[in-house]
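Novice: sequence first, then the predicted structure:
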Amino acid sequence: MKVLRKMGFGLRWRDWMWWCISTAKFSILINGVSAGFFSNSKGLRQGDPLSPYLFVLGMEVLSTLLRRAGEGGFLSGCRLRGRGGVELNVSHLLFADDTIIFYKAEREQVTNLSWILAWFEAASGLRINLAKSALIPIGQVDELEELAAELGCRLGALPTVYLGLPLGAHHKTSSSWDGVEERMRRRLAQWKG
């Protein structure tokens with residue numbers, strides 16, 4: 001509700017959202033017999049049409065934390081040259097429920113990222129599954145195992161595959177892009193299903 005208020009949603013809208021969240025009732029079957037209804041303590045029922053929208057609002061919190069950390073020099077991000085030669089600093093990319101975060105492979109930045117993720121979990125009530133996360137180095141990185149251990153994730157390496165697309169591999173032909181649209185369609189169908 002704080003995120004909705006901070007983003008400028010009016011009181012009536014926030015009240016509607018709160019009503020949708022707070023009035024949901026659940027029932028469980030025990031040996032095929034309904035055990036009555038009970039209220040939830042937090043969140044929405046699985047499959048609720050509001051769920052993806054509220055998730056996006058939650059991810060806006062993470063995006064804001066990462067952006068501010070980049071602006072404050074706590075995470076370095078990745079410098080890219082955009083249109084007209086304008087230089088951009090990209091600290092993170094979000095897609096569905098995946099996040100890619102760019103930072104220097106330095107202990108201080110890993111510590112800062114750990115704090116940011118902890119603050120996000122505390123603020124949102126969401127849990128980041130670091131067991132499914134990977135630290136993927138670009139170039140030579142010293143103390144790589146220690147950095148991954150501090151963050152609490154596994155090590156990855158380039159080239160890798162994301163959404164069925166190759167990342168970090170140099171291909172002589174465009175054959176690796178054959179069927180990209182179909183792979184993206186299948187991945188999105190899995191995500192929605």
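Specialist: Great, that's in hand. Please read these numbers as outputs of a predicted model, since none were measured by experiment.
Novice: pLDDT on the longest helix along the chain, on average?
Specialist: Taking residue count as the measure and DSSP state H as the definition, the longest helix of the chain comes out as helix 51-71. Per-residue pLDDT values across helix 51-71 average out to 85.
Novice: mind giving me the packing neighbours of it?
Specialist: Counting contacts by 3 or more Cβ pairs under 8 Å, 6 or more residues apart in numbering; DSSP states H and E, the secondary-structure elements packed against helix 51-71 are helix 2-6, strand 92-95, strand 98-101, helix 107-124. C-beta coordinates here come from the backbone N, C-alpha and C atoms, glycine included.
Novice: and the angle from it to helix 107-124?
Specialist: Between the direction of helix 51-71 and that of helix 107-124, the angle (axes from the mean of the first three to the mean of the last three Cα atoms, to 10 degrees) works out to 150 degrees.
Novice: so which bits of helix 51-71 are buried?
Specialist: Using 16 or more other Cβ atoms under 10 Å as the test for burial, helix 51-71 gives 54, 57-59, 61-63, 65-66, 69-70.
Novice: with stretch 121-134 instead?
Specialist: Going by neighbour count (16+ other Cβ under 10 Å), the buried part of stretch 121-134 is 124, 126, 128, 133.
Novice: and if you look at stretch 10-22?
Specialist: Applying a neighbour-count criterion of 16+ other Cβ under 10 Å, the buried positions in stretch 10-22 are 17, 21.
Novice: cool, and stretch 76-89?
Specialist: Of all the residues in stretch 76-89, those buried under the rule 16+ other Cβ under 10 Å are 76-78.
Novice: now these in JSON lines, with distance to N112, pLDDT and secondary structure?
Specialist: As requested, the buried residues of stretch 76-89 are exported to JSON lines (distance: Cβ to Cβ, whole Å; pLDDT from 0 to 100; DSSP: H, G, I helix; E, B strand; the rest coil):
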{"residue": "S76", "distance to N112": "10", "pLDDT": "89", "secondary structure": "coil"}
{"residue": "G77", "distance to N112": "12", "pLDDT": "85", "secondary structure": "coil"}
{"residue": "C78", "distance to N112": "16", "pLDDT": "83", "secondary structure": "strand"}
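Novice: dump the residues you listed into TSV; add distance to G47 as well.
Specialist: Below are the buried residues of stretch 76-89 laid out as TSV (distance: Cβ to Cβ, whole Å):
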residue	distance to G47
S76	40
G77	36
C78	36
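Novice: out of those residues, which one sits closest to L4?
Specialist: Using Cβ to Cβ, G77 comes nearest to L4 of the buried residues of stretch 76-89, at 27.9 Å.
Novice: so how many other residues sit close to K2?
Specialist: Burial of K2 is recorded as 9 neighbouring residues (other Cβ atoms under 10 Å).
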